[in-house]
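**Student:** What follows is a predicted protein model with its sequence.
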Amino acid sequence: MKPNRLIWALVILFSVVAIQLLAQENEANRAKFEEIKTKAEAGDAAAQGKLGYCYLTGFGVAKDVESGIKWFQKVNVSGTHPKKFV
């Protein structure tokens, strides 16, 4: 009976650690997204392309294809090719 308790304790411990690591990664992605967004809103064409990619893939933000396309269109208007950022 005791080996089963040990196994379950280890499973729970590893689950908690995995959840913590995912939360830290999501927090870091969100911070990077905010940094990119600030630059994009200031008119940085490279950041606009990266922001479009973030929205399309859901990096640091909820996936939003419409917003991604909007940011890629802003890059296109500025004359920079969006493929440089993907």
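**Tutor:** Ah, there it is.
**Student:** which residue is nearest the centroid of the chain?
**Tutor:** Nearest to the mean C-alpha position of the chain, counting by CA atoms, centre = their mean, stands Phe59 at 2.0 Å.
**Student:** Not counting its neighbours along the chain, what's nearest it?
**Tutor:** In space, and not counting its chain neighbours, Phe59 is closest to Asn29: 5.8 Å by CB to CB, 6 or more residues apart in numbering. Placement of C-beta: from N, CA and C, glycine included.
**Student:** Correct me if wrong: that neighbour contacts Gly58.
**Tutor:** No: counting by CB atoms under 8 Å, Asn29 sits too far from Gly58 to count as a contact (9.3 Å).
**Student:** Select the longest helix from the protein.
**Tutor:** The longest helix of the chain (DSSP state H) is helix 2-41.
**Student:** chain center to the helix or strand following that helix, what's the gap?
**Tutor:** Using DSSP states H and E, the helix or strand that directly follows helix 2-41 along the chain is helix 45-57. Centre-to-centre, helix 45-57 and its host chain are 11 Å apart (CA atoms, centre = their mean, to the nearest Å).
**Student:** same deal with stretch 50-64?
**Tutor:** Stretch 50-64 sits 6 Å away from the centroid of its parent chain (CA atoms, centre = their mean).
**Student:** CA atoms only: put that stretch into CSV for me.
**Tutor:** Output of stretch 50-64 as CSV, limited to C-alpha atoms (Å, rounded to 0.1, in the frame of the first residue of the first chain):
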residue,chain,number,x,y,z
LYS,A,50,5.8,40.5,-35.1
LEU,A,51,2.6,41.6,-33.4
GLY,A,52,0.6,40.3,-36.4
TYR,A,53,2.4,37.0,-36.0
CYS,A,54,1.6,37.0,-32.2
TYR,A,55,-2.1,37.4,-32.9
LEU,A,56,-2.1,34.8,-35.6
THR,A,57,-0.4,32.2,-33.5
GLY,A,58,-1.7,33.2,-30.0
PHE,A,59,1.8,34.0,-28.7
GLY,A,60,1.3,35.9,-25.4
VAL,A,61,-2.3,36.7,-26.3
ALA,A,62,-5.5,35.0,-27.3
LYS,A,63,-5.4,33.9,-30.9
ASP,A,64,-7.1,36.6,-33.1
